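Visitor: the sequence and its predicted three-dimensional model are supplied below.
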Amino acid sequence: MPTKSLQGAHPAPDLRIRPPLASAVEGLVDPGTVAESDLQNRTMPVMLTDMPPDRLDALVKHPFHRETGERLVSFISDLRQCHSPEDFVAFQERLLVATLAANEARAQRSRVIKRLRKGARLPADAPELVAGDRYDIEDWRLESDVLERVGRQLRSIGDAMAWRAFGYDRRYILALRRNESPGPMTLSKEGTVHEIQFAQEQWSEHRRFAMLHDLTNCLRIGDVTVFDNPREDGEQEILLYELKTNPRRRESAQLVRTRMAADALHTNGPLSGHEKAHFFATGVPYKAHLDTLRDAFAFAHQDGLKTMRVPGQRGLVAMDISVAGNRWGMPEATRQFESAYTALLRRTRLTGQRVCFGSGDQAARNTLLPPWGIYPLQPAECAGLIADVLVFTVTTSSDGFVEEVRKAGIDARWVVPEGSEMGANEAVVEVEGYGHRVTMTRWEIERLLLELTDLPTWAEGIKRLLRRGPAGWQPWPHFLNEHLIWD
């Protein structure tokens, strides 16, 4: 695959950044953090698991939700056929149209809700409700919630586009995620119109694909990434733009973040937001057991659900909600799931504190996780994960995890007190070796479980980090050939 060089850029030439090309510097770590908490929005949408059953049922059966589920399959299939700049431009235009329509529809409903809340009449230009009583504020709220989910599902497709465009190199995502979300993409924002025009000009004038960050959840530094055409030697320059509608306006904090993102990737400078956070190249080829997930879904499509053991003392439960509901009815399907899960825990013989993470309602929420759209599954299965008609959970235990890490010859200690919740920033595991120590938070555990990462591979990477890393770093390790997993 061609070498990619990210450069921070701005339309003004004097702000063009040209960091020297170099791979991430390898070297040694003192006490630091392997993964920090995700940069979440200040107010996150309500999780499906927190909704009353009747509202949850109405939401997932809403026509908007069902129609989008069908479109997700087409998006994922088309994305996998994107190879040339022209392919990506056409794909992004289609995604842009869908995203703007969903966000505008939600904005229209939000305006109606505000009027009804004040006791005012419906506005003359109020849209028609797709389902429900147009004079009932709760039906408007339901449709607004459905469109919020639709918007996140489309952003999940945008995330998949970003991962593919960057050649599935996780470093680009980790460098560009470190900011707050800009919120829904709408034409009511002057900046959005400017960014779209800029992307169109890049294609019409230079035949270059300009990726709009606001179509994604994971790209939060800069506004647009422009992929230049590869040179004869295979080198491809990538330009990161922070666009301004007023050329005289300068927002230094945003420009600093773009420069830091470029420097982090090419001179191994600190990641934005933390002067000690750096990438660390482990040199270990990445490996995961996602074939187990693929096999589990194959059985779940026939029987409704399937449990399987995963290497590394982990248990997996996969469920096809539609098949399970038709076979048992949803109340009984829920009981079947709980019974199968209990039996799996007995077979796996997990001891210590049990840790379980699931796929449910994760679309475009956590910028640290690869989007479901790039998982090595059938497009319909990836779409099912995005729309939560397919779900899976992976469980491990404190004792099992520590035992697997210790097999690599390094010491590990589970530090979360028995019975307590894992806080977002709280240390979960401490790993020591070669006179150094790193700590892990819950987000790294979640990633290892939901990606079904091969634990010996991961532990070997951490072992090299302990042995060779620069003192004082808070390291973000990355592995070789990860594109082979997702491509």
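Guide: Perfect, I can see it now.

Visitor: what helices or strands is the helix or strand I238 falls within leaning on?
Guide: Taking DSSP states H and E as the definition, one finds I238 inside strand 236-241. Contact analysis of strand 236-241 by 3 or more CB pairs under 8 Å, 6 or more residues apart in numbering; DSSP states H and E lists strand 4-9, strand 224-227, helix 252-266 as its packing neighbours. Backbone N, C-alpha and C define where each C-beta goes, glycine included.

Visitor: N229: what secondary structure?
Guide: Under DSSP: H, G, I helix; E, B strand; the rest coil, N229 falls in the coil class.

Visitor: so, low pLDDT: which residues of the protein?
Guide: Counting by pLDDT under 70, the low-confidence segments of the chain come to 1-51, 245-251, 471.

Visitor: quick one: buried residues of the longest helix seen in it?
Guide: As far as residue count goes, and with DSSP state H defining each element, the longest helix of the chain is helix 85-117. Buried residues in helix 85-117, defined by neighbour count with 16 or more other CB atoms under 10 Å: 85, 88-89, 91-92, 95-96, 98-100, 102-106, 108-109, 112-113, 116.

Visitor: tell me the angle of the next helix-or-strand element following that helix relative to helix 85-117?
Guide: Proceeding N to C from helix 85-117, the next assigned helix or strand is helix 137-165, under DSSP H and E. Following axes from the mean of the first three to the mean of the last three CA atoms, to 10 degrees, one obtains 160 degrees for the angle between helix 137-165 and helix 85-117.

Visitor: ok, then the element right after helix 137-165?
Guide: As assigned by DSSP H and E, the chain's next helix or strand after helix 137-165 is helix 170-176.

Visitor: contacts for whatever helix or strand comes next after that next one, please.
Guide: The helix or strand immediately downstream of helix 170-176 is helix 190-206, counting by DSSP H and E. Outside helix 190-206, the residues within contact range by CB atoms under 8 Å, 6 or more residues apart in numbering are 85, 89, 92, 96, 185-187, 208-212, 214, 223-224, 226, 241, 243, 245.

Visitor: with stretch 319-331 instead?
Guide: With contacts defined as CB under 8 Å, 6+ apart, stretch 319-331 is touched by 297, 300-306, 333, 336-337, 384, 388-392.

Visitor: 7 Å instead, please
Guide: Contacts made with stretch 319-331 from outside it, assessed by CB atoms under 7 Å, 6 or more residues apart in numbering, are listed as A300, H301, G304, L305, A333, Q336, F337, V389, L390, V391.

Visitor: next one: stretch 476-487
Guide: Residues from elsewhere that reach stretch 476-487, judged by CB under 7 Å, 6+ apart: 1, 34, 163, 167-171, 174, 271, 277-286, 288, 290, 370, 374, 376, 461-462, 465.

Visitor: and the residues you listed, which of them are buried?
Guide: In the contacts of stretch 476-487, burial by neighbour count holds for 34, 163, 167-171, 174, 271, 277-282, 284, 286, 288, 290, 370, 374, 461-462, 465, counting by 16+ other CB under 10 Å.

Visitor: sitting in strands, which of those residues do you find?
Guide: Assigned to strands by DSSP state E, the following of the buried ones among the contacts of stretch 476-487 qualify: A277, H278, F279, F280, A281, T282, V284.

Visitor: quick one: L448 from T457, how far?
Guide: Counting by CB to CB, to the nearest Å, the separation of L448 from T457 is 10 Å.

Visitor: looking at the two, which one has more neighbours?
Guide: L448 (23 against 17; other CB atoms under 10 Å).

Visitor: just the buried residues of the one helix or strand the more buried one maps to, please?
Guide: Counting by DSSP H and E, the element that carries L448 is helix 442-450. For helix 442-450, a neighbour-count test (16+ other CB under 10 Å) marks R442, W443, E444, I445, E446, R447, L448, L449, L450 as buried.

Visitor: ok so, going back, tabulate the contacts of stretch 319-331 (a markdown table), appending secondary structure and distance to L72.
Guide: Formatted as a markdown table, the entries for those read as follows, by DSSP: H, G, I helix; E, B strand; the rest coil; distance: CB to CB, whole Å:
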| residue | secondary structure | distance to L72 |
| --- | --- | --- |
| A300 | helix | 19 |
| H301 | helix | 17 |
| G304 | coil | 22 |
| L305 | strand | 22 |
| A333 | helix | 23 |
| Q336 | helix | 27 |
| F337 | helix | 24 |
| V389 | coil | 10 |
| L390 | strand | 12 |
| V391 | strand | 15 |
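
Visitor: identify the farthest-apart pair in these.
Guide: Spatially, the most separated pair among the contacts of stretch 319-331 is Q336 and V389, at 16.7 Å (CB to CB).

Visitor: if you count surrounding residues, which of these two has more?
Guide: Remark: of Q336 and V389, V389 carries more neighbours, 20 against 17, as counted by other CB under 10 Å.

Visitor: can I assume T457 is in contact with A288?
Guide: No: contact status for T457 versus A288: not in contact, 8.2 Å apart, counting by CB atoms under 7 Å.

Visitor: that older thread, just checking, what packs against the helix holding L448?
Guide: Using 3 or more CB pairs under 7 Å, 6 or more residues apart in numbering; DSSP states H and E as the contact definition, the elements that helix 442-450 packs against are strand 354-358, strand 390-397.

Visitor: list the neighbouring strands of the longest one plus their orientation.
Guide: Going back to what we said before, that points to strand 390-397. With DSSP bridges as the criterion, the sheet partners recorded for strand 390-397 are strand 314-320 (antiparallel), strand 354-358 (antiparallel).

Visitor: out of those strands, deepest packed?
Guide: Among the strands paired with strand 390-397, ranked by average contacts under mean count of other CB atoms under 10 Å, first place goes to strand 314-320 (a mean of 25).

Visitor: next up, the contacts around P371.
Guide: For P371, counting by CB under 7 Å, 6+ apart, the contacting residues are S156, D159, A160, W163.

Visitor: neighbours of the second one, how many?
Guide: By that I understand D159. In terms of burial, D159 registers 26 neighbours under the definition other CB under 10 Å.

Visitor: quick check: it touching R365?
Guide: No: proximity of D159 to R365 does not meet the contact threshold set by CB under 7 Å, at 10.6 Å.

Visitor: residues in contact with stretch 294-314: which ones?
Guide: 289, 292, 315-320, 323-324, 327-328, 333, 336-337, 340, 344, 347-348, 350, 376-377, 381, 390, 392, 394-396, 400, 403-404, 449, 452, 454-455.

Visitor: related to what we said a few turns ago, tabulate the strands paired with strand 390-397 (JSON lines), appending distance to Q474.
Guide: What follows is the strands paired with strand 390-397, written out as JSON lines (distance: least, CB to CB, whole Å):
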{"stretch": "strand 314-320", "distance to Q474": "27"}
{"stretch": "strand 354-358", "distance to Q474": "23"}
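
Visitor: for P331, see how far away T292 is.
Guide: Counting by CB to CB, the gap from T292 to P331 is 29 Å.

Visitor: neighbour count for these two, which is higher?
Guide: Counted by other CB under 10 Å, T292 and P331 do not tie: T292 has more neighbours, with 18 against 10.

Visitor: using the three-state scheme, assign the more buried one.
Guide: T292 ends up helix, using three-state DSSP.

Visitor: that one and W372, how far apart?
Guide: Computed with CB to CB, the distance linking T292 and W372 is 16 Å.

Visitor: before we move on, what about L219?
Guide: Looking at L219 against W372, where the rule is CB to CB, the gap reads 17 Å.

Visitor: the stretch 351-487 of the chain: helices as residue ranges?
Guide: Listed in chain order, the helices of the stretch 351-487 of the chain (DSSP state H, counting those that start in this stretch) span 379-387, 398-406, 442-450, 455-468, 483-486.
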